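*Asks:* after the sequence you'll find the predicted model.
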Amino acid sequence: MVPDTYNFWLFDLDGTLVDAEWSYTREVFDRVGDRIGYGFSDREAELLWHGLTGARDPLLREWGLDPAEFWPAFHAVEDPAARASATFLHPDAERLLARVDARDPPTGLVTHCAEFLADPVLDRLDLRDRFDTVLSCSDETGWKPDPGPLERAMADIGVDPVTGRGVYVGDGASDVGAAWNADLDAIHVERHGHEERGRCVMADHRVERLDQLPGVGCDPDRDRDRDRAGDVDWDVRIDSSGAAGVEAGDLTD
């Protein structure tokens, strides 16, 4: 069973464990658009919010927007309390966290979400105590797929991928890249579908819900049947070149 496989666990936050209600996301992009004079479509807002195409700055430039103007406006309009109130914990993520908690391995949270936004979410959803360390990426720590943030989190919780098997759970290609660059296994949860993302992200374990991992779901027979049917791919690891339409951890993000 997957929860028994690893000596320590690291998790991403947004899109992996939690998500914000669409109404909040839509309001944020309306307010950002008012500040910078740009009307974001629903599709553009979704692509940027979830990072579906990988790095966001190239996408902004493609639309004629300056990232140096967009990001300050984006952070200026975000209300930490409102965001926390609009954020929910995915039920499948709760089930995985419960199974990991039952084994009590060292755990950490590594997120691109700014600390001033992540902290209220963790407090409201009572998630902070479920992790031994919480790290919000910054220019100082580096940004995924750079392994630096994961390596710092591992140092915080006193683990080493050489002496113990670890895993990072995320919803983006850069999460997979960071895991592999840090010598960890990668679990990728695809919450939007390959068609919506426009590519297939490869990882050691690929699922549509975290309770599809063997040993996490409520129905082991269902999980075994799904695995045999090929709906879930286990232990998939390829180099960063991938294949047409396939993204292997987005190591150049």
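*Replies:* It's in.
*Asks:* what is the neighbour count of residue 58?
*Replies:* By other C-beta atoms under 10 Å, 11 other residues sit near residue 58. Every C-beta, even on glycine, is put in place using the N, C-alpha and C of the backbone.
*Asks:* what are the boundaries of the strands in this protein?
*Replies:* With DSSP state E as the criterion, the chain has strands at 8-11, 18-20, 87-89, 107-111, 133-136, 166-170, 185-189, 200-201, 205-207, 233-234, 246-247.
*Asks:* and these as CSV, adding mean pLDDT and distance to residue 54?
*Replies:* Below are the strands of the chain laid out as CSV (pLDDT from 0 to 100; distance: least, C-beta to C-beta, whole Å):
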stretch, mean pLDDT, distance to residue 54
strand 8-11, 98, 20
strand 18-20, 96, 19
strand 87-89, 97, 23
strand 107-111, 98, 17
strand 133-136, 98, 20
strand 166-170, 97, 13
strand 185-189, 96, 13
strand 200-201, 78, 9
strand 205-207, 92, 17
strand 233-234, 34, 20
strand 246-247, 36, 8
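*Asks:* so which of those strands is nearest residue 72?
*Replies:* Proximity to residue 72 (C-beta to C-beta) singles out strand 133-136 among the strands of the chain, at 17.3 Å.
*Asks:* coming back round to it: need the strands of the chain in JSON lines (columns: distance to residue 159 and mean neighbour count).
*Replies:* Converted to JSON lines, the strands of the chain look like this (distance: least, C-beta to C-beta, whole Å; neighbours: other C-beta atoms under 10 Å):
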{"stretch": "strand 8-11", "distance to residue 159": "4", "mean neighbour count": "26"}
{"stretch": "strand 18-20", "distance to residue 159": "24", "mean neighbour count": "21"}
{"stretch": "strand 87-89", "distance to residue 159": "25", "mean neighbour count": "17"}
{"stretch": "strand 107-111", "distance to residue 159": "9", "mean neighbour count": "25"}
{"stretch": "strand 133-136", "distance to residue 159": "10", "mean neighbour count": "19"}
{"stretch": "strand 166-170", "distance to residue 159": "6", "mean neighbour count": "27"}
{"stretch": "strand 185-189", "distance to residue 159": "13", "mean neighbour count": "26"}
{"stretch": "strand 200-201", "distance to residue 159": "25", "mean neighbour count": "23"}
{"stretch": "strand 205-207", "distance to residue 159": "19", "mean neighbour count": "23"}
{"stretch": "strand 233-234", "distance to residue 159": "23", "mean neighbour count": "14"}
{"stretch": "strand 246-247", "distance to residue 159": "28", "mean neighbour count": "20"}
